[in-house]
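Asks: how would this look folded up:
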Amino acid sequence: MSQQYSAYSILAKKRDNVALAPEEIKWFIDGLARGDVADYQMSAFLMAITINGATAEETAALTDAMLYSGKVVQFEGAHYVDKHSTGGVGDKASFILAPLAAACGVKVPMISGRGLGHTGGTLDKIEAIPGFKTSLTLEQFQNALDDFNFVMIGQTPELAPADKKLYALRDVTATVESIPLITGSIMSKKLAEGANGLVFDIKCGSGAFMKNFEDAKKLGQSLMNTAGRFQKNSYMVISNMDQPLGQAIGNANEIIESLETLQGKGPEDLTQLSLELAAAMVLIAGKATDKAQADEKVREALDSGAAYQIFKEFIRRQGGDIRYLEDTSLFDLAKVDTVVSSK
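Replies: Predicted coordinates:
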């Protein structure tokens, strides 16, 4: 006879800081889709985890339940690698590092999100290019990646659907910063998209969710531990978010700065971080024998213009108007400039 659970009993247990069994966590996450668990009960569950934390086993069980709430894509080979940033002001590195890695032979299956909390969303930024389609089907996503090294889409209904519901609830219930919830959200999507290697950019500082180095390190370790439980190779970078990354903020502005960076004219901090993360992707993918060779390969991809050409082709393949890449004055930017001078 199967074990009977109830939302009330599970909430009471977690409220009292008693570790939940994997079956209880799965029942609760599945219950949201079944209608047995209401949004207000899930909100209480999220808050209980935020306040009391979760063990490594609970975090893995949460990830597993969210992952298998939908379909899971599988690619063969270590060269399918993605990167995830925990988000920060002005962070547009995905648009630079992915073409860099792709130019070095890495397959980059990137499923990105909208804005969460105070950070801008990758999809919101790329959609500043008219016509660009982020709503490919899962089959189109797989076929596109077979044909090309870099594809970026939004979360589909088939992939980790439970995360999409939790993602929305977290944003309005002050539970965004919880390390177990961040881990479950990130890892369920990344595992579902089929990446066999993962590079984590953990932002640390006043403009990040993780305000200090110790919290950033804890999050990175949680992500890497969970990746290891699912037998995925991973690499972590903790980067500074005490000030914006680069010099541009705003969707179209950040695309323009990304284009400048891919053409070797970007700000130093954005360029160096993108090169570092791309090199880690190349190394994990087995496209370099050591970090020094990976560094050399991504620098060549930048200096030769190969990464910029990959980006242009990526935009064209997903319906974007490449005229905006060739003439950035076409972007719909603010009509009024206000200069604020520091003293």
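
Asks: and the gap between residue 136 and residue 158?
Replies: When distances are taken as CB to CB, to the nearest Å, residue 136 and residue 158 turn out to be 12 Å apart. Yep, even glycine has a C-beta here, placed from its N, CA and C like the rest.

Asks: Which residue ranges of the stretch 151-300 of the chain form strands?
Replies: Listed in chain order, the strands found in the stretch 151-300 of the chain under DSSP state E, counting those that start in this stretch are 197-204, 233-240.

Asks: Need the ones you listed in TSV (columns: mean neighbour count, distance to residue 280 and mean pLDDT).
Replies: Formatted as TSV, the entries for the strands of the stretch 151-300 of the chain read as follows, by neighbours: other CB atoms under 10 Å; distance: least, CB to CB, whole Å; pLDDT from 0 to 100:
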stretch	mean neighbour count	distance to residue 280	mean pLDDT
strand 197-204	25	5	95
strand 233-240	19	4	95
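
Asks: quick one: what helix or strand has the closest residue to residue 126 other than its chain neighbours in it?
Replies: Spatial nearest neighbour of residue 126, excluding adjacent residues (CB to CB, 6 or more residues apart in numbering): residue 132 at 5.6 Å. When secondary structure is defined by DSSP states H and E, residue 132 falls outside every helix and strand.

Asks: Please renumber the chain so that the first residue is 674 from this point on.
Replies: Shifting the count to begin at 674 puts that one at residue 805.

Asks: I'd say residue 805 and residue 992 touch.
Replies: Yes: under the contact definition of CB atoms under 8 Å, residue 805 touches residue 992, with a separation of 5.9 Å.

Asks: if we can go back for a sec, between residue 809 and residue 831, which contacts overlap?
Replies: With contacts taken as CB atoms under 8 Å, 6 or more residues apart in numbering, residue 809 and residue 831 have no neighbour in common.

Asks: And residue 957, how far from residue 983?
Replies: Counting by CB to CB - residue 957 and residue 983 are separated by 19 Å.

Asks: Residue 916 now?
Replies: Computed with CB to CB, the distance linking residue 916 and residue 983 is 29 Å.

Asks: again with residue 681
Replies: Distance of residue 681 to residue 983, given as CB to CB: 53 Å.

Asks: who has more neighbours, the two?
Replies: The residue with more neighbours, out of residue 681 and residue 983 and counting by other CB atoms under 10 Å, is residue 983; that gives 23 against 10.
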